[in-house]
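*Asks:* take a look and give me a structure for this.
(4 chains)
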There are 2 protein chains.
Amino acid sequence: MNNSVSIKDIAKKFKCAPSTISRALNDHPAINIETRKTIQEYALKVGYQKNTLSLSLLNNCSMTLGLVLPSITHYHESSMLEGMEEILLKSGYLLNICVSNESHTIEKEYIDRLLANRVDGLFISMAQESYDQQLGEHIDRVIQRSLPVIFIDRPNHGVASDRVVTDDYQGAFMATKHLIDMGCQRIAHLHGPSGISVSQQRFLGYQDCLIAHGRQVEADLIQYVHFSAESAIQATRILMQSDSKPDAIFGVNDEVCIAAMFVLREMGISVPDEVAIVGFDDIPLASFGHPPLSSVSRQSRKIGEEAAKLFLSKKDQKLEPVTISLDPKLIIRESSLRS
Amino acid sequence: MNNSVSIKDIAKKFKCAPSTISRALNDHPAINIETRKTIQEYALKVGYQKNTLSLSLLNNCSMTLGLVLPSITHYHESSMLEGMEEILLKSGYLLNICVSNESHTIEKEYIDRLLANRVDGLFISMAQESYDQQLGEHIDRVIQRSLPVIFIDRPNHGVASDRVVTDDYQGAFMATKHLIDMGCQRIAHLHGPSGISVSQQRFLGYQDCLIAHGRQVEADLIQYVHFSAESAIQATRILMQSDSKPDAIFGVNDEVCIAAMFVLREMGISVPDEVAIVGFDDIPLASFGHPPLSSVSRQSRKIGEEAAKLFLSKKDQKLEPVTISLDPKLIIRESSLRS
DNA sequence: GCCTCAAATGCAAACGTTTGCGTAAAATTT
DNA sequence: AAATTTTACGCAAACGTTTGCATTTGAGGC
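*Replies:* Next up, the predicted model:
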């Protein structure tokens, strides 16, 4: 069943103490250089591999981290994961991935398992359920263990904590400003799920930009959608069939905007001339939309990198909570370009 | 630094042996029912959490699995991961995610770490480098440990092994057949990276279907691309600027097809009338393409589920290697529909 | 008061590795 | 040759938990 060879096994072979083998394998100078070589060669031959579990137990350090996400299928999330992996690979860590599917129960269960497995730190983007109902005891338990907890995108309520986020507010402000600059008069917003920080910040940026430019924030120009394309279809129809149609749409992410452009095309409404559109996330396919979709790029990959780096700096010294806010960048393409 | 409370700590508090605490927490009947309750309450109060590492060491079973993927940003991969997670969540496992970025060196490094951490099994989609150069010793080492290894999408060379795949050949055949049925005469193929099983199978399906219908397989109708949209741009231009233009394109995945449609639109070539297009993977945005993209759906999520189930059935009994091949499904949309 | 039995709990080993300290033998210095 | 140093290795504890077996305690039967 278990074919793995241990230091003890090797010790028996050489009729010496396990400590000698351990030192030999770690190239400890106290061991005769030839003995070392012999042992190392033998270990290689029989495929010895250090059992990290015993060390984790001993040193209270597992070199394993947890990443808890509501989902992973969006480009932003998977791209962020790749950035994180790149940094952690170099530092010798492994990453446990946990998809909560926006469920508080699942999130809690995963965090329990991660704690039981003694991860050295936790990256988390909180499930909507946890965020909505302000359920944070499962996170508190992690913090009480004095484990580094780094929030990604979605913070927890109230408590000061380490965070890595895009400045969604600023991104939304820029997008809205751009639409205003393009001469749009009635800018609609496809608003993301209401409980989520990202949705809220993007809405606030949109709202404040309108106000800052002396515009009204009209309730019937705001439609709520999920992060998926499907949910944007009906929302766009409602917007365009209302008495006071918008002449621009700022969407909470690119998927909903691409779906919106699809509906507009179906309805014979031209983009950007009749309705200009700006999305958020700058997914790879945004530039191949019809027309190419303007979007706020949020440096997804870099968010992962920064989160990983933040952990590395936190793990040794106890520092004050930090919020790293990455600047979004407005990528202007045809969907919002009016002459 | 380390705030976690152990069974020994509790034992001291109650002035009894660790074994008593252990039994009490596990509701062992040998322990007085009231003692049990007292101890359990205390454990809850002080936030005791079992240290799984010690058990992993003892039982040689970590309840942790490894997943090694070339990348994670494509819909197919992340969706597969979600399916896998769903099953593993129920079974109490955690998943270590490792992104090899198609590099053999990184893949090897990750597998080393996974083995050192004593994962109970491995899911892997091999890096192109490993596959191309037939480098498989790192995998062999895992198998020698008699750990369940389950290949996803990309198999290893020669060796009989457990696999979960889409029937790419059949999917490509269906797509090509559909284009033939639509009256297309010159069907081009955007061929994926040549070393990869998925590319090869899809090309073979395309080729065999053409031959089965008495068509020629013309070299200048085949263009090699990467899996990304960008690389498809030039390929499509070359195809359409050649002397003998195609009147249909079957692409190795949806991203390249969406990019191809973009170029065609730029060139004023109508889809599907002048060029019909069918992709592969059926990503969520396929249906919102201009026009909506026909595509072969490969049940990505189910691949993950099946892989996880296969592991669960393998972990106890040693069974013969199994290949689970999921049927692809052709989703016909406007991009290939000719009247 | 002695024996038996059951109930409740303790002991110790095990998993694999590291590491401070001890110790033997060999090499070097007086 | 004795004293000292160096070299090379062994011993044992530690990490947290489980578990078979031993032990203690108390109750009940005779």
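
*Asks:* per-domain residue ranges of chain A.
*Replies:* A:7-50, A:61-166+A:300-327, A:168-299+A:330-336 (automatic domain parsing).

*Asks:* and the last one, anywhere near chain B?
*Replies:* Yes. Using Cβ under 8 Å from any Cβ of the partner chain, domain A:168-299+A:330-336 comes into contact with chain B via A:228-229, A:255, A:258-259, A:261-262, A:265, A:284-285, A:287-290. Using the backbone N, CA and C atoms, a C-beta is placed for each residue, glycine as well.

*Asks:* report whether the helix or strand of chain A with the lowest mean pLDDT contacts chain B.
*Replies:* In chain A, no helix or strand scores lower on mean pLDDT, DSSP states H and E than helix A:128-132, which sits at a mean of 87. No. Counting by Cβ under 8 Å from any Cβ, chain B is not contacted by helix A:128-132; separation bottoms out at 15.6 Å.

*Asks:* buried residues of that helix, list them for me.
*Replies:* A:128, A:129, A:130, A:131 (16 or more other Cβ atoms under 10 Å in any protein chain shown).

*Asks:* one more: stretch A:241-253?
*Replies:* Counting neighbours by 16+ other Cβ under 10 Å, the buried set in stretch A:241-253 is A:246, A:247, A:248, A:249, A:250, A:251, A:252, A:253.

*Asks:* next: stretch A:59-79.
*Replies:* Buried residues in stretch A:59-79, defined by neighbour count with 16+ other Cβ under 10 Å: A:62-79.

*Asks:* residue A:304 and DNA strand D: what is the separation?
*Replies:* With distances taken as Cβ to the nearest atom of the strand, to the nearest Å, residue A:304 is found 31 Å from DNA strand D.

*Asks:* could you verify that that residue is part of a helix?
*Replies:* Yes. Judged by DSSP: H, G, I helix; E, B strand; the rest coil, residue A:304 forms part of a helix.

*Asks:* and the closest residue to it other than its chain neighbours, how many neighbours?
*Replies:* Among residues not flanking residue A:304 along the chain, residue A:83 sits closest, at 3.0 Å (Cβ to Cβ, 6 or more residues apart in numbering or on different chains). By other Cβ atoms under 10 Å in any protein chain shown, 20 other residues sit near residue A:83.

*Asks:* kindly report the same for the one 5 residues further on.
*Replies:* Number of residues near residue A:88 (other Cβ under 10 Å) recorded here: 25.

*Asks:* contact partners for it?
*Replies:* Taking Cβ atoms under 8 Å, 6 or more residues apart in numbering or on different chains, we find residue A:88 in contact with A:65, A:94, A:95, A:308.

*Asks:* could you rerun that using 6 Å?
*Replies:* A:95, A:308 (Cβ atoms under 6 Å, 6 or more residues apart in numbering or on different chains).

*Asks:* how about residue A:227?
*Replies:* Contacts of residue A:227 (Cβ under 6 Å, 6+ apart): residue A:253.

*Asks:* near DNA strand D, which residues of the stretch 51-200 of chain A?
*Replies:* A:54, A:57, A:58, A:60 (Cβ under 7 Å from any atom of the strand).

*Asks:* of the residues you listed, list those near chain B.
*Replies:* Contacts with chain B are made by A:54, A:57, A:60 out of these, judged by Cβ under 6 Å from any Cβ of the partner chain.

*Asks:* just send those back as TSV, with pLDDT, distance to residue B:331 and secondary structure too.
*Replies:* Converted to TSV, those look like this (pLDDT from 0 to 100; distance: Cβ to Cβ, whole Å; DSSP: H, G, I helix; E, B strand; the rest coil):
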residue	pLDDT	distance to residue B:331	secondary structure
A:54	97	51	helix
A:57	96	51	helix
A:60	95	52	coil
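
*Asks:* let me know the closest of those to residue B:198.
*Replies:* The shortest approach to residue B:198 among these belongs to residue A:54, at 39.8 Å (Cβ to Cβ).

*Asks:* what is the burial count for that closest one?
*Replies:* 16.

*Asks:* what about stretch A:100-118 and DNA strand C, touching?
*Replies:* No. For stretch A:100-118 and DNA strand C, the contact criterion (Cβ under 7 Å from any atom of the strand) is not met; the two come no nearer than 13.2 Å.

*Asks:* so for that stretch, what's the average pLDDT?
*Replies:* Stretch A:100-118 shows a mean pLDDT of 97.

*Asks:* do it and chain B come into contact?
*Replies:* Yes. Using Cβ under 6 Å from any Cβ, stretch A:100-118 reaches chain B at A:113, A:115, A:116, A:117, A:118.

*Asks:* turn these into CSV, including distance to residue A:164, secondary structure and neighbour count.
*Replies:* Listed next are those as CSV, based on distance: Cβ to Cβ, whole Å; DSSP: H, G, I helix; E, B strand; the rest coil; neighbours: other Cβ atoms under 10 Å in any protein chain shown:
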residue, distance to residue A:164, secondary structure, neighbour count
A:113, 24, helix, 20
A:115, 22, helix, 22
A:116, 26, helix, 16
A:117, 23, coil, 22
A:118, 23, coil, 22
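
*Asks:* what is the nearest of these to residue A:35?
*Replies:* residue A:118 (34.5 Å).

*Asks:* residues in contact with that closest one?
*Replies:* Contacts of residue A:118 by Cβ under 6 Å, 6+ apart are A:62, B:53.

*Asks:* please repeat the previous calculation with a cut-off of 7 Å.
*Replies:* Counting by Cβ atoms under 7 Å, 6 or more residues apart in numbering or on different chains, residue A:118 touches A:56, A:62, B:51, B:53.

*Asks:* with residue A:111 instead?
*Replies:* With the criterion set at Cβ under 7 Å, 6+ apart, residue A:111 makes contact with A:68, A:138, A:142.

*Asks:* against residue B:309, how distant is the last one?
*Replies:* Spelled out, it's residue A:142. 31 Å (Cβ to Cβ, to the nearest Å).

*Asks:* now swap in residue A:124 and tell me
*Replies:* 28 Å.

*Asks:* likewise for residue A:277?
*Replies:* Separation of residue A:277 from residue B:309 (Cβ to Cβ) stands at 42 Å.
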